[in-house]
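Next come a sequence and a model predicted from it.
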Amino acid sequence: MHAEQPEEPAPQPDPAGVTAAGVTADGVTADGADATDDDGASNAVEAVANAAQDIGAFIRSQRVAAEVSLRQLAERAGVSNPYLSQIERGLRKPSADVLAQIAKGLRVSAEVLYVRAGILEERPASPVRDALIADDSINERQKQMLLEIYDSFRKENAADGNS
């Protein structure tokens, strides 16, 4: 029997923003040529990769700030330690369900992670919204329901000119 070879890590950009494949984050090769396909498929793949790295880095920063180990967060979120590590390194893009579990483990709003992952659009700041999101006495589903009701009232009043 031979030992299984470890999986090669994805090429990481160097400080100048060029990956091991010689392509910068904006899709330009080291010689200045455009590395994208005519149909923009490379741009789409790259956008997903950038979003995965962004959410992964954000999750890692939140975990470090909360002084929680990778193993502790994986246990709290109900995901495997290797999977969470891959998310943090930008190798995997988690589903909305996994993001909700991670948010619960970090004790942050799932909405924050959804916005960072590009699942939800960022909403304008509001003291009422901030208070609802920060309230630990209600669960995520209840927060979302209250926020939807609040937003519907605001839209209704704006349409009537009664804001």
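Arrived safely. Numbers count the residues shown, from 1 in each chain.

residue ranges of the helices in the protein, please?
Assigned by DSSP state H, the chain shows helices spanning 41-65, 70-77, 81-88, 96-106, 110-117, 127-134, 140-160.

can I get those in JSON lines with mean neighbour count and mean pLDDT?
To be clear about C-beta, it is placed using only N, CA and C from the backbone, and glycine gets the same treatment. Formatted as JSON lines, the helices of the chain follow (neighbours: other CB atoms under 10 Å; pLDDT from 0 to 100):
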{"stretch": "helix 41-65", "mean neighbour count": "16", "mean pLDDT": "75"}
{"stretch": "helix 70-77", "mean neighbour count": "17", "mean pLDDT": "95"}
{"stretch": "helix 81-88", "mean neighbour count": "18", "mean pLDDT": "95"}
{"stretch": "helix 96-106", "mean neighbour count": "19", "mean pLDDT": "92"}
{"stretch": "helix 110-117", "mean neighbour count": "20", "mean pLDDT": "85"}
{"stretch": "helix 127-134", "mean neighbour count": "13", "mean pLDDT": "82"}
{"stretch": "helix 140-160", "mean neighbour count": "12", "mean pLDDT": "86"}
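
mind checking how far Glu121 is from Gly105?
Counting by CB to CB, to the nearest Å, the gap from Glu121 to Gly105 is 24 Å.

Check Glu111 too.
Going from Glu111 to Gly105 by CB to CB gives 15 Å.

cool, and Ala65?
In this structure, Ala65 and Gly105 are 13 Å apart, going by CB to CB.

now Gly78
Here Gly78 is placed at a distance of 8 Å from Gly105 (CB to CB).

And for Val112?
As it turns out, when the distance is counted by CB to CB, Val112 lies 13 Å from Gly105.

How about Arg116?
15 Å.

what residues are up against Leu113?
For Leu113, the set of contacting residues under the criterion of CB atoms under 8 Å, 6 or more residues apart in numbering consists of Ile55, Phe58, Ile59, Leu99, Ala100, Ile102, Ala103.

Max pairwise distance over those residues: which two?
Phe58 and Ala100 (14.9 Å; CB to CB).

what sits against Arg60?
By CB under 8 Å, 6+ apart, Arg60 lies in contact with Glu88.

same check, this time on Gly105
The contact partners of Gly105, by CB under 8 Å, 6+ apart, come to Val68, Leu73, Arg76, Ala77.

Between all of these, which two are separated the most?
The largest separation in those, counting by CB to CB, is between Val68 and Ala77 at 10.2 Å.
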